[in-house]
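Trainee: mind looking at a prediction? Sequence and model below.
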Amino acid sequence: MRNRIIVLLAAIGAALLVWNLHTILLGLPDETRQDMIFRIIYFHVPGGMIGLTGFGVGLACSVVYLVKKDLWWDALAASITEVALAFALTNLVTGSIWGRQQWGVWWAWDARLTGMLICCVVFVGYLMLRRAVDEPNQRARLSAVVSIFGTVNAWFVYKAIDWFPRLQHPGPVLTFRTGGGRMDPVLEHPLYWNALALLCLAIVMVMIRIRQEDVSREIDLLRRTAHASLKGL
Amino acid sequence: MRAPHALEIEGVFKYYGDFAALRNIALRVDRGSTVALLGRNGAGKTTLLRIIAGLSKPSEGSVKILGSNVRDDAARRRIGVLGHGISLYEELSAHENLTIFARLYGLDQPGETASAWLERIGLGRVRDGLVREFSRGMRQRLAVARAFIHEPEVLLFDEPFTALDDRAIAVLQGLLADAHAKGRTIVMSTHQLKEALVLATDVALIRRGEIAYAGTRTQQMVDDTGWLYRTYEDD
Amino acid sequence: MKTTEAVAELEISRPVSAPAPSLIAQVWTIAGKDLRSEFRTKEALNASIAFSVVILVLFSFAFDPTSDQLQEFSGGLLWLVFSFAGTLVLNRSFSRETQNDCLDGLLASPMPASALFLGKSLANYVLLMMIEIVSLPVFGLFYNIRWARQLPMLAAVLLLGTWALTVIGTFFSALTVNLRIRELMLPMLVYPLMIPALMAAMTLTTVLLGGVPITASDMIWIKMLVAFDVVFTTLSVFLIDTVLLG
């Protein structure tokens, strides 16, 4: 059943992506001021959206783990955070490429990208911590706490970066943030379709990661059982 | 009114990942009894003892000390734990070490209590010596005093007789006899079957995370120390 | 098992009546213990102060130490020194408890983990402030900065910013206490989480070292430091139990 969902979602995601790429690369006109590089927004913005949402959902799963102490929630939290980190990194990379075109430098220390970078560094720490702890319950507990600290910290970073005298990244353009009028609907709609395509792929990746987590839990159980029976001899 | 048990363990499970290190442990210990917690390496003795001491939380089940939950203040002040480590600060003097723990337990006169204990364990003359300058035996005696400075009603030991020197064993045995005479409850996990079985009034044997036997210590166990293992560890 | 009702009846009224040790007394005991053993060897303190002087010297090669522009990033330099030297103290805070299994002894006592955390934070706070009190004049001397012109406000910023570093550092020292690669994990976790507090402290300190009073628009940073301190102290106090007892 789960396999079928994975295959189905992957197929939908891939089909959407191909169709979107066709629209974005061949269907859409160039933007007046940015020329063709503006197309990067179709990956940059959905990457950021999925990344940040993923960190948030990962935090929620971590909190559920702390309440319920069920390792499944920890596996979910870890899988989502890992995939979210990958999408957040695409946001950073595409942002950097766009910055190179528009501002002439790869990294301009603009506020939002810097905030995202700090977020990424915190969650890289989260994933490193997971590797450093062997006992699954301890790992789940400690990484849940790091996730809580990281997310609260991200909120402070977001505020602080806004006040810091730095280059400001283009403001929000999407209709649900601005109430409309900042972006032509012809250009805006493909962005949502691409967000959907990437979301499908993100969910597929999370599901595959969870399956890996299940297997590694089983291996851990077998290893401990073997270890215990060896000790008894 | 019937007084609560000294120790009441119900349905305790402890998981490491999905591996159950302890399975459905249930144990009631009456006041005044001395329990020898036996079992092979890796059977779960230390894990269980740490849970009883409140140093580790059970995944399921409950542990009550004299009727109150093990992490409650009331329970914590009434148990004393001596584990593998001595839990002493190297850079502090013997007296300072004991005073710190006397304070943490909220004793009335921490300084005086510490001094009295130092006399009792024969370290009165080196009360201001730093622990790092102490010999192994002195540290062990000090560790015993540290663990039981608050005169706990329930005394927990993890492998008390391993690697102790003569005087430390004497101090420990004196303390155990005294505690037993005062009707205190003692739980000790150990490999030293002979010593433990002589002292014990009750025995609990753990096999692969489960209680294989729990009951009164019989003369047969003392006479033939291998009997328990032969009978309950048949596989 | 055997019943010993007679003994049980005799024993029932024993020390439960003794008053519970107060949280504040326990916090003091822990702070006093940590400071006393640190002052006896001064290992961490001496190392951090020496390290902070080394960083201050190294900075002089990174840019022209006599330049006027130095003023513009003096606050940043100073807080880099504080946070790097301070973590030497902070990292050790809980790992020193693993020697002789001292942590078990503390956790077995009737002291909530939060009291242990607060006591250790208090001790670390005092040590960090001592490092800062030494390295601030050295900084002024090396780089020709008249740092005392806005002293009361600067002291306030130091107190607030240092508590932020202390809380994060002490908490993560507890979180990583049992890890194999503790020394590698700590900087990875601690520095990114300190960023908002450091940004605020650096901005304010730069203004104050220039001898200019803080303006209304800078007050937002003070507010953020206070909020950071309050939020992370609260979080730590609530979560320390989860971290230390599993």
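Mentor: Okay, I see it. Numbering: from 1, shown residues only, chains lettered A, B, ... in the order given.
Trainee: just give me the longest helix of the chain.
Mentor: Picking chain A for this. helix A:185-231 (DSSP state H).
Trainee: not quite, I wanted chain C
Mentor: Longest helix in chain C, counting residues (DSSP H): helix C:113-143.
Trainee: so which elements touch that helix?
Mentor: Counting contacts by 3 or more Cβ pairs under 8 Å, 6 or more residues apart in numbering or on different chains; DSSP states H and E, helix C:113-143 packs against helix C:23-41, helix C:43-62, helix C:70-95, helix C:102-108, helix C:151-175, helix C:219-244. Glycine gets a C-beta too; all of them are placed from N, C-alpha and C.
Trainee: now the helix or strand that the fifth one is followed by and helix C:113-143, what's the angle there?
Mentor: Read it as helix C:151-175. Past helix C:151-175, further along toward the C-terminus, the next helix or strand under DSSP states H and E is helix C:182-209. Using axes from the mean of the first three to the mean of the last three Cα atoms, to 10 degrees, the inter-axis angle of helix C:182-209 relative to helix C:113-143 is 60 degrees.
Trainee: quick one, helix C:182-209 and helix C:151-175 angle?
Mentor: Note on geometry: by the same axes, to 10 degrees, helix C:182-209 and helix C:151-175 are set 170 degrees apart in direction.
Trainee: neighbours of the one residue in chain C that gets nearest to chain B, how many?
Mentor: For chain C, the residue closest to chain B is C:Asp101, as judged by Cβ to the nearest Cβ, at 2.4 Å. Using other Cβ atoms under 10 Å in any protein chain shown, the number of residues around C:Asp101 comes to 18.
Trainee: how about the residue in chain A that chain C sits nearest to: what's its closest non-neighbour residue?
Mentor: Across chain A, no residue is closer to chain C than A:Phe156, which sits at 3.7 Å (Cβ to the nearest Cβ). Nearest-residue entry for A:Phe156: C:Pro196, 3.7 Å, with adjacent residues in sequence omitted and distances by Cβ to Cβ, 6 or more residues apart in numbering or on different chains.
Trainee: that neighbour and C:Val231 touch, don't they?
Mentor: No: counting by Cβ atoms under 8 Å, no contact exists between C:Pro196 and C:Val231, whose distance comes to 10.2 Å.
Trainee: what residues are shared contacts of those two?
Mentor: Residues touching both C:Pro196 and C:Val231 by Cβ atoms under 8 Å, 6 or more residues apart in numbering or on different chains: A:Phe156.
Trainee: any idea of the mean pLDDT in the longest helix of chain A?
Mentor: Per-residue pLDDT over helix A:185-231 has a mean of 89.
Trainee: in chain B, what residue lies closest to chain C?
Mentor: B:Gly85 (2.4 Å).
Trainee: was I right about that residue contacting C:Asn100?
Mentor: Yes: contact between B:Gly85 and C:Asn100 holds when scored by Cβ under 8 Å: they sit 4.9 Å apart.
Trainee: neighbour count winner among those two?
Mentor: Taking other Cβ under 10 Å, B:Gly85 and C:Asn100 do not tie; C:Asn100 has more neighbours (19 against 16).
Trainee: part of a helix, is the more buried one?
Mentor: Yes: secondary structure of C:Asn100, determined by DSSP: H, G, I helix; E, B strand; the rest coil: located in a helix.
Trainee: that one: what's it in contact with?
Mentor: C:Asn100 sits in contact with B:Gly85, B:Ile86, B:Ser87, B:Leu88, B:Tyr89, B:Glu90, where contact means Cβ under 8 Å, 6+ apart.
Trainee: can you do 7 Å?
Mentor: B:Gly85, B:Ile86, B:Ser87, B:Leu88 (Cβ atoms under 7 Å, 6 or more residues apart in numbering or on different chains).
Trainee: which non-adjacent residue is nearest B:Ile51?
Mentor: Closest to B:Ile51 by Cβ to Cβ, 6+ apart is B:Pro58, at 5.2 Å.
Trainee: can you get me a residue count around that neighbour?
Mentor: Residue crowding around B:Pro58 was assessed by other Cβ under 10 Å; the count is 21.
Trainee: do B:Arg132 as well
Mentor: One way to gauge burial is a neighbour count; for B:Arg132, by other Cβ under 10 Å, it gives 12.
Trainee: could you find the closest non-adjacent residue to it?
Mentor: Once its chain neighbours are removed from consideration, B:Arg132 has its nearest residue in B:Glu90; the separation is 4.0 Å (Cβ to Cβ, 6+ apart).
Trainee: give me the neighbour count for the one you found.
Mentor: By other Cβ under 10 Å, 19 other residues sit near B:Glu90.
Trainee: try A:Val18
Mentor: When neighbours are defined as other Cβ under 10 Å, A:Val18 has 11 of them.
Trainee: please, which helix or strand holds it?
Mentor: In this assignment (DSSP H and E), A:Val18 forms part of helix A:2-22.
Trainee: not including adjacent chain positions, what is the nearest residue to the residue nearest the centre of chain B?
Mentor: The central residue of chain B, meaning the one whose C-alpha is nearest the mean C-alpha position (Cα atoms, centre = their mean), is B:Leu156 at 1.6 Å. Here the nearest residue to B:Leu156 in space, its sequence neighbours aside, is B:Val81; by Cβ to Cβ, 6+ apart that works out to 4.7 Å.
Trainee: what sits against that neighbour?
Mentor: Taking Cβ under 7 Å, 6+ apart, we find B:Val81 in contact with B:Ala53, B:Ala147, B:Leu156, C:Ala108.
Trainee: with respect to B:Ile211, which of the residues you listed is nearest?
Mentor: Each of the contacts of B:Val81 was checked against B:Ile211 using Cβ to Cβ; the closest is B:Leu156, at 17.1 Å.
Trainee: what's the pLDDT at the residue nearest to B:Arg132?
Mentor: At B:Glu90, the pLDDT recorded in the model is 93.
Trainee: ok but it is inside a helix, no?
Mentor: No: looking at B:Glu90 with three-state DSSP, it is coil, so not inside a helix.
Trainee: ok, and the closest non-adjacent residue to A:Ile203?
Mentor: The spatial neighbour of A:Ile203 that comes closest, neighbours along the chain excluded (Cβ to Cβ, 6+ apart), is A:Leu9 at 5.8 Å.
Trainee: what's around the residue lying closest to C:Leu159 once chain neighbours are set aside, how many residues?
Mentor: The spatial neighbour of C:Leu159 that comes closest, neighbours along the chain excluded (Cβ to Cβ, 6+ apart), is C:Met129 at 7.7 Å. As a burial measure, the neighbour count of C:Met129 was computed by other Cβ under 10 Å and equals 18.
Trainee: C:Met224 versus C:Met129, what's the distance?
Mentor: The gap separating C:Met129 from C:Met224 is 21 Å, by Cβ to Cβ, to the nearest Å.
Trainee: and for C:Asn178?
Mentor: Taking Cβ to Cβ as the measure, C:Asn178 and C:Met224 are separated by 33 Å.
Trainee: which of those two has more neighbours?
Mentor: C:Met224 (23 against 19).
Trainee: so that one sits right up against C:Ala201, yeah?
Mentor: No: under the criterion of Cβ atoms under 7 Å, C:Met224 lies out of contact with C:Ala201, with a separation of 9.8 Å.
Trainee: gap between the worst-scoring helix or strand of chain A on mean pLDDT and the chain center?
Mentor: Using mean pLDDT, DSSP states H and E, the weakest-scoring helix or strand in chain A turns out to be helix A:175-178, at a mean of 70. For helix A:175-178, the distance from its own C-alpha centre to the chain's C-alpha centre is 21 Å (Cα atoms, centre = their mean, to the nearest Å).
Trainee: same check, this time on stretch B:44-64
Mentor: When C-alpha coordinates are averaged (Cα atoms, centre = their mean), stretch B:44-64 and its chain have centres 13 Å apart.
Trainee: same thing with stretch B:228-235?
Mentor: Taking the mean C-alpha point of stretch B:228-235 and that of its whole chain, the gap between them comes to 25 Å (Cα atoms, centre = their mean).
Trainee: and chain A, which residues reach chain B?
Mentor: Residues of chain A lying close to chain B (Cβ under 7 Å from any Cβ of the partner chain) are A:Lys69, A:Glu135, A:Pro136, A:Asn137, A:Arg217, A:Asp220, A:Leu221, A:Arg224, A:Thr225, A:Ala228, A:Lys231, A:Gly232.
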